[in-house]
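Novice: Generate a structure from the sequence data that follows.
(4 chains, ligands or ions: 12)
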Amino acid sequence: MAFISSGYNPKEPMKDRITDIGPRKYDEFYPPVIAKNKGQWQYHEVLKPGVLVHVAKSGDKVFTVRCGGARLMSTSHIREICEIAEKHCDGYVRFTTRNNIEFMVDEESKVDPLVKDLESRKFGAGSFKFPVGGTGTSITNIVHTQGWAHCHTPATDASGPVKAVMDEMFDYFKKHSLPAKLRISLACCLNMCGAVHCSDIAILGYHRKPPMLDHEYLDKMCEIPLAIAACPTAAIKPSKVEVDGQKLNSVAVKNERCMFCGNCYTMCPAMPLADKEGDGIVIMAGGKVSNRISAPKFSKVVVAFLPNNAPRWPETTAVIKKIVETYNAGARKYERLGEWAERIGWERFFEKCELEFTHHLIDDFRDPAYFTWRQTSQFKF
Amino acid sequence: MAFISSGYNPKEPMKDRITDIGPRKYDEFYPPVIAKNKGQWQYHEVLKPGVLVHVAKSGDKVFTVRCGGARLMSTSHIREICEIAEKHCDGYVRFTTRNNIEFMVDEESKVDPLVKDLESRKFGAGSFKFPVGGTGTSITNIVHTQGWAHCHTPATDASGPVKAVMDEMFDYFKKHSLPAKLRISLACCLNMCGAVHCSDIAILGYHRKPPMLDHEYLDKMCEIPLAIAACPTAAIKPSKVEVDGQKLNSVAVKNERCMFCGNCYTMCPAMPLADKEGDGIVIMAGGKVSNRISAPKFSKVVVAFLPNNAPRWPETTAVIKKIVETYNAGARKYERLGEWAERIGWERFFEKCELEFTHHLIDDFRDPAYFTWRQTSQFKF
Amino acid sequence: MAKHATPMLDQLESGPWPSFVSDLKQLAEKRAKNAEGVEFQIPVDVVEDLLGILELSFKHGRTHWKHGGIVGVFGYGGGVIGRYCDQPEMFPGVAHFHTMRVNQPGGKFYKTEYLKQLCDLWDFRGSGMTNMHGSTGDIIFLGTTTPQLEEIFYELTHKYNQDLGGSGSNLRTPADCIGQARCEYACYDTQALCYTLTNEYQDELHRPAFPYKFKFKFDGCPNCCVASIARADISFIGTWKDDIKIDQEAVQAYIGGEIPPNAGDHDGRDWGAFSIQKEVIRLCPTECMWMEGNKLMIDIKECNRCMHCINVMPKALHIGDDRGLSMLVGAKAPILDGAQMGSLLVPFVKAEEPYDEIKEVIEGIWDWWMEEGKNRERLGELMKRQGFQRLLEATGIQPDARHVKEPRSNPYIFWKEEEVEGGWERDVNEFRKDHKR
Amino acid sequence: MAKHATPMLDQLESGPWPSFVSDLKQLAEKRAKNAEGVEFQIPVDVVEDLLGILELSFKHGRTHWKHGGIVGVFGYGGGVIGRYCDQPEMFPGVAHFHTMRVNQPGGKFYKTEYLKQLCDLWDFRGSGMTNMHGSTGDIIFLGTTTPQLEEIFYELTHKYNQDLGGSGSNLRTPADCIGQARCEYACYDTQALCYTLTNEYQDELHRPAFPYKFKFKFDGCPNCCVASIARADISFIGTWKDDIKIDQEAVQAYIGGEIPPNAGDHDGRDWGAFSIQKEVIRLCPTECMWMEGNKLMIDIKECNRCMHCINVMPKALHIGDDRGLSMLVGAKAPILDGAQMGSLLVPFVKAEEPYDEIKEVIEGIWDWWMEEGKNRERLGELMKRQGFQRLLEATGIQPDARHVKEPRSNPYIFWKEEEVEGGWERDVNEFRKDHKR
Ligand code: SRM
Ligand code: SRM
Ligand code: SRM
Ligand code: SRM
Ligand code: SF4
Ligand code: SF4
Ligand code: SF4
Ligand code: SF4
Ligand code: SF4
Ligand code: SF4
Ligand code: SF4
Ligand code: SF4
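Specialist: Ligands and ions are numbered 1, 2, ... in the order given. Got it, this is the predicted structure:
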């Protein structure tokens, strides 16, 4: 294929270069009903799972149909979204903060045809392309990250586990049956892109083996001081090694001080951590970000490790299913998962969810750990 | 006065020496009704402030009359206690964990004469010797420490402020009028003998000037390494100084790193901190130790500094009075001071108690400080 | 006929949830066919090789991507994440596989015309695979080669009036909730503020001058639909000062069961009849609500604007009119020092053009952070290291009980010399006159 | 006629609360008169000089006591606190003013005969001033001279069968609440356990072998009347496992207002009629109580034994019969690392002679602390530094959700090599076969 220039001239990079123009302006893309009623919305109703109506002071209404999507998305899929938007929504569409797709129409009569159309579209192998749902007290799309599809530090995949879990949770996506919203998020390493640390249920990729040291190449591939500085536990020290006869500058790692965060690898590709048995998933639970009733909460580690059992991660899906069902059975209306766990007590949470409490779950990271221990005689047998 | 030997012979310290015998056994000192009914008590009633009755399964009753005492106590005062105990209680008496005195009788008829007797006894200058009260929802005796009467590190006195505050709180000592128990404690320095850190109201002596350095004597009077090691903030470094011509080993203190804890002085008398303007009182509030309803709580710093205004510490008594009255007016039945403050929010606590919120009250001591900041959009205007 | 066998991935084509594998395959086929006769600027089999390398990762339980090194467009320090695979011979199509971050429009609203333009560009010069959207908010172009980076940037800016987003030690692409565009709870115009600040700080977004990344997120109200409090160095959360507006008739309609609670979003299960006592008044965290006969009363002074009652009865209760936002600062993921959520710095500020007050706070924070922050130290970590007091000084904000959940429980107050009567200099020999050694 | 003028102290003779100044003065006079003709072994004017030096401190706003140096009785490392004043010429009577800690009897019960013996001894060989009691629990003899220390110890042990208490890096004098002696809430015999352990560990109490001080306190129930959870390295807090015993008739009597709530100790103010819903059921932290018709029901499995309901209705509700105690460890004052409350280590253990299970835990903790603890490092600080897991290993206790208020929110788990399949040793060149550099 011949190289086709955009007009850019490498010899004169600055020639009529355009920079610092930022994004396209939001209001170019507002559907008319939105543009007209912005800031004048009066109330909304959730008509059924996946379908919202917002009513403006003017009396205007906008009907929103939300459908799920794998956010790892091809242009073919996006073009199909455009086709639907043009057919039903005058060519407007939006995406949600959790990677769902929202089609908006300005008349109730347009809702059913839109929904029917969306539900009718399937991939060849049978999965829905645009399942309608994810509103209200359902389980909506899983916020996630790159995983094995693009990143260099993951301890698990992203799109794979997400697909596996959402297949299990599909009924919850389609129904408003939970006591409150339940958010599941995934991050494929401790960097936690997507900030899963405040999710009702978080799936977190975690390494369990200290970095290997590629001594022969370490000094060539990395800035040794940066690698050393990257380590939060100061487990890395400079060291001289001898590899077949030649003295090399390299590093040594105090393995028992390593907490497998991968920072060293981010700084130095000659210190890989990834390992088939070593890597896997940590399950966290009980976080939230809304300020509704209770303040936002961090998720807590409830399972220290589950293996990367591709392609379906059965251990992970089973644990999540059990937690969701136990929460669903036990929580009160409006009660988030973390609020429920705190009300019944974490000792009960583990008992009811049939999860083993292991020493890994006791905080031993720095001073604040103390505040997670139990400084009261109050507990349940 | 001639030296009178106990029989101990300094030349033969080990000669029929008796050691490791421990305390006298508790049951030697139980009043008969206690000895008989121990472990068989069925319930109790608080008949009036300072007077309790405990009823045993056997039907036996023990009536307890509690009275306040300055725990800095002379043998004369103790002998008077004995006289009373012999007159009314067959020679039995006890002290409470908060330094009150409890006289116990086994018949209701004996209560009034005992109370009358106690209330009738006054010191020449007019203060009560044995004020009856301190039970139930009253303000009981102030747990306190040595202060200027005996210790070497205090930043305030103990017995003086206690007397001043209890004079102000006297009506509360005599009445069951508060929503719940309210405990006031005092510690004359950060060592917090008496553990005031979990009191409804804590009076804490605090230094505000870094240690002076008595260079000339420091090396003679102290083990320099111990002094250096004692400092929690590593503010102390070894240093050589010259005092009129002669080179001396001494220490240097990074003043801005000093948090005035006095540990150095405990290790090294050549590093005194005490200062008339520098020293004073920190007021803390909202702590508790019981596990009733809510878990135990630490007290929080609500006033960063009040001067040592002997003999009556008027600023301190005024602040405490204001807090107690505001709590008394606002709290619900059974609600401890800290539970009340948390329910209305600390922003309200400061407003209602007319206390200024200064930068000193924001935690900046190590990592856990973060958890005391406000990670929510929830607050009250 | 697929280039690589992908038995494990194929398994993920089953099940109801949209299969990314099926989607990848449909694009792979389309590129192979190339009906439109596109002059692909990167290998036509890029998606086949992506499937292949992903299958290999499923087999090995390990990623096959390498750290990207520094690639980008001229004059920008961000917007591109370099990637190379560690099996280029096996998968030449993804030997280079760089990401480009394209700054999404506010509220993630799109016109199809524009979306299709992006698709054309990306089919032509990239893999055709995207993330809609990345966790920060950008449109993610997933996978192209180094020579194409400038070409894509040139077309984006010249043809589509569209700039890149952030990466590296820059301001990252700001993101907002849908807000006033379609939400009755919005206390300020999240899109307007997000857009204004994004453009105001283009230089900070494109040219690394910070110790580390820095993020803005804009939530129109305390429901936090863009999760700003969990993942933005500065979260802008809408709030208000005056009364919650109450439509007493509508309240009665809720009590009477004519209107389903919480906009009807609990309808998947029988929760029994609505009880305003149980579901609203008793769940109010500040206990500032009560019924006076048929009238619902709210003591707004005691309300902390948690949104619960409004969420339950959106037809009856409405946010107040004296609106603005709170600024919380320091949220971040756990690396290195443990995760943080935003800590309240500015309880209330009006959110009105030209937003000068807000910019002042932002710039005060940046000056301090750029002065004091260590390399790769997030704002939250600096706050922990130097203390909240320093942040107040840097922004000229007065200490306020609203800054804390509770006052310190340790009495370790670091007094400054100028705060202490008589200062710290003392003559020990004077002292010794009263206190013999 | 007083030896020193004390205008400031005199002020503290006014007001209703017992005046320590008046008390000091009465003793000063008594010694001056010396009606009984006691052969005082320390200066007769010791109390006058104590008043004098205290007045001087009131004037100066500073203490006039110096650090004590090492004084004590032969073979003991504790029990005496040395004190000297820094103005011996002005106040010769208190030039030496050492404290002796006398191990108080359990529950602080006394027979006057014994108290008077102590008074005789202390008038004769000391200042006659005491603390009844010290914060740890001891009887404090306040102020004597070095030569008297052995004499007093000799008389205490030989005449009064009484030993000293603790100070220094020892086990400190254990203390207990009144417990079963006079309290219906007591879940075990605090005096018996306190006495048994005090005697069992006399060597640890008298001879410094620890990194720092170590304290035991014994509370018969979660009301914590000896504040063990705030100030003991090991707090022993009574609790029970089976049902709270309910006397339904008495419950009705409370509801009917025949019995005042909380033993009548709120009678100083009109709180209105008692409401079991408002005052008991709704305040129960676990919400495990309800009325079934006239019957009060408690789901004991959900109860956390906070004592509230029992405290409110002591005639109707009684602790269960399957009794024991919880052990919480690590409480301490703020120096150096910030204050700690006890953290739950042993949720439940029977408290029965010979208490072997309890001793095992104690000794496991001591072995670990003596092995790993730094000089002046309290147990709680060691727990923070090395982690709760180490404490569990040292005591052979299984991790349990009851050990935490909540599980960790940071995922930074320090895995041990033996826990990880395949261990940690790997051959990077093997790895490189699948992952090119
Ligand atoms: C579309 C979206 C905003 C956007 O700009 O894209 C959105 C839209 C609405 N949110 Fe949200 N929220 C959206 C993400 C969130 C998030 C962010 C997240 O999950 O990452 C949160 C925080 C969740 C958390 O706390 O962990 C969020 C917490 C809420 C809450 C508080 C729920 C709670 O019980 O705590 C409400 C109030 C409610 O549910 O009544 C709310 C309410 C709403 C309302 C009803 C607001 C309105 O009147 O329009 C909207 C419809 C809700 C629904 O789905 O039934 N929205 N909402 C996001 C849809 C995501 C999705 O595709 O599923
Ligand atoms: C005598 C004493 C025990 C002793 O061994 O000396 C004692 C005795 C009783 N306490 Fe106590 N408490 C005693 C110190 C404490 C302490 C320790 C302290 O304050 O340093 C506490 C913890 C306070 C705190 O939480 O900060 C304490 C918290 C309680 C509570 C829980 C109160 C609460 O609302 O949290 C109860 C239950 C109650 O009040 O109904 C209680 C109940 C009782 C009862 C009713 C127990 C009983 O059935 O006999 C006793 C009479 C209480 C009264 O004064 O009306 N006792 N009680 C102590 C008297 C101290 C004094 O002279 O005033
Ligand atoms: C693409 C994206 C994940 C995704 O699949 O959506 C992403 C991908 C990466 N993130 Fe992230 N982060 C992404 C959103 C986030 C978020 C969420 C957010 O911004 O709301 C977070 C948590 C919030 C925060 O900033 O704390 C996040 C926290 C991190 C961290 C940890 C930073 C910290 O201070 O804790 C790192 C590590 C680092 O900076 O070296 C990191 C680093 C990375 C790197 C650059 C890995 C590296 O060190 O090279 C990843 C490149 C992956 C790739 O191959 O493209 N990423 N990263 C997200 C950006 C897309 C976009 O622009 O829209
Ligand atoms: C006498 C007494 C205060 C009182 O007036 O009652 C006391 C007095 C002293 N304590 Fe204390 N402590 C006393 C109970 C306490 C308590 C309360 C308790 O035991 O329940 C505490 C808090 C609980 C704890 O142990 O954490 C306490 C925490 C301290 C500390 C801080 C220890 C820590 O780890 O934080 C120190 C500093 C030190 O050890 O160097 C200390 C040090 C001291 C010294 C020895 C000062 C010194 O460093 O030389 C004081 C001697 C004063 C004197 O001149 O006699 N004292 N000390 C208490 C002992 C009397 C008794 O035996 O009954
Ligand atoms: S979470 Fe980790 S592995 Fe996943 S995308 Fe972010 S940095 Fe990469
Ligand atoms: S993985 Fe993290 S903790 Fe382990 S050596 Fe690397 S940087 Fe240090
Ligand atoms: S608190 Fe401080 S000054 Fe007071 S007695 Fe204890 S150590 Fe001494
Ligand atoms: S007072 Fe405390 S902080 Fe200050 S120098 Fe002395 S030991 Fe260090
Ligand atoms: S954050 Fe508030 S304003 Fe924004 S979309 Fe959610 S509910 Fe509406
Ligand atoms: S917003 Fe929240 S705090 Fe305010 S009244 Fe409603 S429920 Fe109560
Ligand atoms: S702690 Fe419990 S058992 Fe001991 S005295 Fe107090 S209430 Fe009674
Ligand atoms: S003891 Fe406490 S938790 Fe148990 S039932 Fe009574 S009030 Fe509830």
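Novice: Now residue 218: which helix or strand?
Specialist: In the absence of a named chain, chain A is used. Taking DSSP states H and E as the criterion, A:L218 maps to helix A:215-221.
Novice: wait, chain C
Specialist: In the assignment (DSSP H and E), C:F218 maps to strand C:216-219.
Novice: Can you list the low-confidence ranges for chain A?
Specialist: Applying pLDDT under 70 to chain A flags the ranges A:1.
Novice: Contact partners for residue 364?
Specialist: All of this is about chain A. D:387-389, D:408, D:414 (C-beta atoms under 8 Å, 6 or more residues apart in numbering or on different chains). All C-beta atoms are positioned from the backbone trio N, CA, C, and that covers glycine.
Novice: Wait, chain C was what I had in mind.
Specialist: Applying C-beta under 8 Å, 6+ apart, we find C:G364 in contact with C:394-396.
Novice: what kind of secondary structure is it in?
Specialist: Here C:G364 is recorded as helix under DSSP: H, G, I helix; E, B strand; the rest coil.
Novice: before we move on, what about C:N223?
Specialist: Under the three-state scheme (three-state DSSP), C:N223 adopts coil.
Novice: Run a quick neighbour tally on it.
Specialist: Neighbour count for C:N223, taken as other C-beta atoms under 10 Å in any protein chain shown: 24.
Novice: Quick check: chain neighbours aside, which residue is closest to it?
Specialist: What sits nearest to C:N223 in space, not counting adjacent residues and going by C-beta to C-beta, 6 or more residues apart in numbering or on different chains, is A:S290, at 5.0 Å.
Novice: Also C:N375?
Specialist: With sequence-adjacent residues excluded and distances taken as C-beta to C-beta, 6+ apart, C:N375 is closest to C:P211, at 5.8 Å.
Novice: Unless I misread the structure, A:R66 falls within a strand.
Specialist: Yes: under three-state DSSP, A:R66 falls within a strand.
Novice: before we move on, back to that, what residues are up against the residue nearest to C:N375?
Specialist: Each residue near C:P211 by C-beta under 8 Å, 6+ apart is listed here: C:169, C:369-370, C:373-377.
Novice: Skip ahead from the helix or strand containing A:Q42 and say which helix or strand is next.
Specialist: Assigned by DSSP H and E, A:Q42 belongs to strand A:41-48. Per DSSP H and E, the first helix or strand lying C-terminal to strand A:41-48 is strand A:51-56.
Novice: That following strand to strand A:41-48, inter-axis angle?
Specialist: Here the directions of strand A:51-56 and strand A:41-48 differ by 160 degrees (axes from the mean of the first three to the mean of the last three C-alpha atoms, to 10 degrees).
Novice: Point out the other helices and strands that the strand holding A:Q42 packs with.
Specialist: strand A:51-56 (3 or more C-beta pairs under 8 Å, 6 or more residues apart in numbering or on different chains; DSSP states H and E).
Novice: can you tell if the strand it packs on touches ligand 9?
Specialist: No: using C-beta under 6 Å from any ligand atom, strand A:51-56 stays clear of ligand 9, coming no nearer than 10.1 Å.
Novice: what packs against that strand?
Specialist: Partner elements for strand A:51-56 (3+ C-beta pairs under 8 Å, 6+ apart): strand A:41-48, strand A:61-67.
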